[in-house]
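> Okay, here's the prediction I keep looking at, along with the sequence it came from:
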Amino acid sequence: MNAIVVSDLHIGSRYFLRHNFENFLGNIPEDCELILNGDIIDDPNKKLQPPHKRILNLIEQVSHRQRVIWVRGNHDDSYDQNGFKHIHFKTYYTIENRLLIAHGYDFDEIMPRSQIFIKSFKLIHDLMIKFGSSPIHVANYAKNFELLYKVLRDNVMKNAVKCALENGYEAVICGHTHYPEDRVYNGIRYMNTGAWTESPAFYLQMIGNEMTLNPIVS
């Protein structure tokens, strides 16, 4: 099984590393599945500008020559899939009943219940921009609060591993947290492919039974 896994592109966001991802798409080996693990779209209700629409067109072109899987995330859950004839949309994806690929939002017990906390982050971030700070994605800004961010990441990881254990998987791959990592917890390998809203972006490459998490060097 050869595959490439990416997550959290947030196409349509001003933070999306569009040029990096376009170059990346052009270099994916044709013998690989491309697995898009959620939050590929930033806002399904927002009209995309032509440069961002082009990325979706390129993904569609890739799907004509090799298998493309789109695992829905919380941002793109309601995105209209009718424009894509060859992309396979999934809630989650499994490989050989050994590997579970899920975006991660369903494993998150913190963010869905902490909307006031999230809105406070965004408010502080917007105020900092008004006073001259450079804009960054709110998830990147939240990483300044290391302890709280670790609680979020560990919550997603532990619930993902629990799901893998209960269903007989050997490994689980998530996105959602915008934090690339490769860990073993309770005997289960947990990998997170990070996000394409900050540099370096990461992708996971599977060649046979080997899995590696790799940065994109700008």
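Now that the structure is in, tell me what you want to look at.
> Mind listing residues that contact stretch 64-72?
Stretch 64-72 is contacted from outside by 28, 30-38, 40, 59, 62, 79, 81, 84, 86-93, 101-103, using C-beta atoms under 8 Å, 6 or more residues apart in numbering. (Glycine included, C-beta is placed from N, CA and C.)
> Ends of it, what's the gap?
Stretch 64-72 has an end-to-end distance of 20 Å (C-alpha to C-alpha, to the nearest Å).
> returning to that earlier point: which of the contacts of stretch 64-72 fall within helices?
59, 62 (DSSP state H).
> and the longest helix anywhere in the chain, what's its mean pLDDT?
Across the chain, the longest stretch assigned as helix under DSSP H is helix 146-167. The pLDDT scores in helix 146-167 average 93.
> Give the buried residues for stretch 157-169.
157, 159-161, 163-164, 169 (16 or more other C-beta atoms under 10 Å).
> how far is that stretch from where the chain is centred?
Distance of stretch 157-169 from the chain centroid (C-alpha atoms, centre = their mean, to the nearest Å) equals 18 Å.
> Would you mind writing the CA trace of that stretch as CSV?
What follows is stretch 157-169, C-alpha atoms only, in CSV (Å, rounded to 0.1, in the frame of the first residue of the first chain):
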residue,chain,number,x,y,z
MET,A,157,-4.7,11.4,20.9
LYS,A,158,-6.0,9.3,23.8
ASN,A,159,-9.5,9.1,22.4
ALA,A,160,-8.1,8.1,18.9
VAL,A,161,-6.0,5.4,20.5
LYS,A,162,-8.9,4.1,22.5
CYS,A,163,-11.0,3.8,19.4
ALA,A,164,-8.1,2.0,17.6
LEU,A,165,-7.8,-0.4,20.5
GLU,A,166,-11.5,-1.1,20.7
ASN,A,167,-11.7,-1.9,17.0
GLY,A,168,-8.5,-3.8,16.5
TYR,A,169,-6.4,-1.3,14.6
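> What are the contacting residues of it?
94, 97-100, 102, 104, 107-109, 170-172, 174, 181, 183, 185-188, 190, 192.
> which among those residues end up buried?
99-100, 102, 104, 107-108, 171-172, 174, 185, 188, 190, 192.
> Tell me the one among those nearest to Asn20.
For these, the minimum distance to Asn20 (C-beta to C-beta) is 18.6 Å, reached by Asn192.
> How about Val6, nearest residue that isn't a chain neighbour?
Distances taken as C-beta to C-beta, 6 or more residues apart in numbering put Tyr203 closest to Val6, at 4.9 Å, once the chain neighbours are dropped.
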